[in-house]
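Engineer: curious how this folds, go ahead:
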Amino acid sequence: MWWWRRPGVDSGGRPAGSRHICDDWKPRPRRRRKVRERSSDVRDRLRELSSSGRLVLPFPGGGMTRQRFRALASLSAEDTVLGRMAEAHADAAAILHELDGPPPATGQIWGVWAAEPPEPVLCARATSSGWVLEGRKLWCSGASFCTHALVTARDGENRRLFAVSLTQPGVRPVPSSWHAVGMRESDSGAVDFDGAQATEVGVPGAYLDRAGFWHGAIGVAACWYGSACAVARPLHERAAKGRADEHALAHLGAVTAAMHAARLSLSAAAGEIDADPGGDRLDARIRARTVRGVVEDAVTATMDRVGRALGAGPLCMDAEHARRVADLTVYVRQSHAEVDLAELGRDIAGEEFTWPDL
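Structural biologist: Model (predicted):
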């Protein structure tokens, strides 16, 4: 389906040369290599992509949303952390575009630091020379290597969004604040702000009050999908070599069905976003939570079935595969699981029941 092709025929049975959302979503050829420090590799690759302009992706709703999702999935198939950081940069660019902020410059790497747990609280303070940020922010992906970030902060009851240069003295990553095994190289620890200069983007609340917020949430699911495609590759390779027993083949069939549903869900969502980019926020929210639920289920099933089919061997002796599974296990938990499903159910309960309609 998504990782193999019959000669002269594409994955949907069409003549070769036609294209669909998965055409470019195959990971690079697998390389046997020693376990190495990846942090510098991910950073160097991000800098390379930014400097070459390859982090400039089509904006959601601009008529090329499928291409955007395809690019994010492709980068995530290459490396889960790389795809996650590319998605954040692309999301920041889309937010700045929608809220009339300055576009990211070539060579910059942007993050979006918008998590707001009850504590600590990052505060924004207006001064005669502009806004400054003070306090600690948690869950800052790319804390030590992003050059800029969109950061949410509180000004009394207002939640404001700011563009911040991370190279200024008032911004300091907190050492030893990220202890993850999976997604370790994303460096998503805490950052302290001490009078850091910040430029407000949009009006208070504008970051969340957009259909584009929910379009961006589907971009994350495209990354999950791309990474899961790469997780499934060793199972396909074993079957292609004739070394899979009936149970492994059944797992491959189940993975194929699950990932096909995820692919179709992403593709359909891209078309709907392009047809109505600034549409109703409720529709956008329902779409995003539905697609994320479908993709999360497919990703979870893929990791489980590949592990059951192949056993512990690849997880213990294939460093790339083991790392990818560990990374994706953490990354997919960016979903809020049953909380999101309950909110989706609440939204659907208020809608007319139209499910039999094809």
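Engineer: enumerate every residue touching Leu82.
Structural biologist: Residues near Leu82 by C-beta atoms under 8 Å, 6 or more residues apart in numbering: Val42, Arg45, Leu46, Leu75, Ser76. All C-beta atoms are positioned from the backbone trio N, CA, C, and that covers glycine.
Engineer: among those residues, name the ones in helices.
Structural biologist: Among these, the subset assigned to helices under DSSP state H consists of Val42, Arg45, Leu46, Leu75, Ser76.
Engineer: any idea how far Asp192 lies from Arg136?
Structural biologist: Distance check for Asp192 against Arg136: by C-beta to C-beta, to the nearest Å, it reads 5 Å.
Engineer: you'd agree His199 is in a strand?
Structural biologist: Wrong residue type there; residue 199 is Thr, not His. Yes: applying DSSP: H, G, I helix; E, B strand; the rest coil, one finds Thr199 inside a strand.
Engineer: what bridges to it?
Structural biologist: Applying DSSP bridges to Thr199 gives these bridge partners: Ala163.
Engineer: can you give me the pLDDT of it?
Structural biologist: According to the predicted model, the pLDDT of Thr199 comes to 98.
Engineer: ok, now which ones touch it?
Structural biologist: Going by C-beta under 8 Å, 6+ apart, the list of residues near Thr199 reads Gly101, Gly130, Trp131, Phe162, Ala163, Val164.
Engineer: biggest separation within these, which pair?
Structural biologist: Pairwise distances across those (C-beta to C-beta) peak at 14.6 Å, for the pair Gly101 and Gly130.
Engineer: more neighbours, those two?
Structural biologist: Residue environment comparison for Gly101 versus Gly130 gives the larger neighbour count to Gly101, 19 against 11, counting by other C-beta atoms under 10 Å.
Engineer: the closest residue to the more buried one other than its chain neighbours: neighbour count?
Structural biologist: Spatially, and ignoring its direct neighbours in sequence, Gly101 is nearest to Val201 (4.3 Å; C-beta to C-beta, 6 or more residues apart in numbering). Using other C-beta under 10 Å, Val201 has 21 neighbouring residues.
Engineer: so Val201 makes contact with Glu98?
Structural biologist: No: Val201 lies out of contact with Glu98 (C-beta atoms under 8 Å); the separation is 9.6 Å.
Engineer: please enumerate the shared neighbours of the two.
Structural biologist: Jointly contacting Val201 and Glu98 under the rule C-beta under 8 Å, 6+ apart is no residue at all.
Engineer: part of a strand, is Val132?
Structural biologist: Yes: looking at Val132 with three-state DSSP, it is inside a strand.
Engineer: how far away is the closest residue to it other than its chain neighbours from Gly135?
Structural biologist: Closest residue to Val132 apart from its sequence neighbours, by C-beta to C-beta, 6+ apart: Gly195 at 4.9 Å. Here the distance between Gly195 and Gly135 works out to 11 Å (C-beta to C-beta).
Engineer: with Phe69 instead?
Structural biologist: Distance check for Phe69 against Gly135: by C-beta to C-beta, it reads 35 Å.
Engineer: same thing with Ser144?
Structural biologist: From Ser144 over to Gly135 (counting by C-beta to C-beta), the distance is 19 Å.
Engineer: go on, Pro356?
Structural biologist: For Pro356, the distance to Gly135 equals 52 Å [C-beta to C-beta].
Engineer: who has more neighbours, those two?
Structural biologist: Comparing Pro356 with Gly135 by neighbour count (other C-beta under 10 Å), the higher total belongs to Gly135, at 17 against 5.
Engineer: which residues are in contact with that one?
Structural biologist: If a contact means C-beta under 8 Å, 6+ apart, then Gly135 has Pro120, Val121, Leu122, Cys123, Ala153, Asp192, Phe193 as its contacts.
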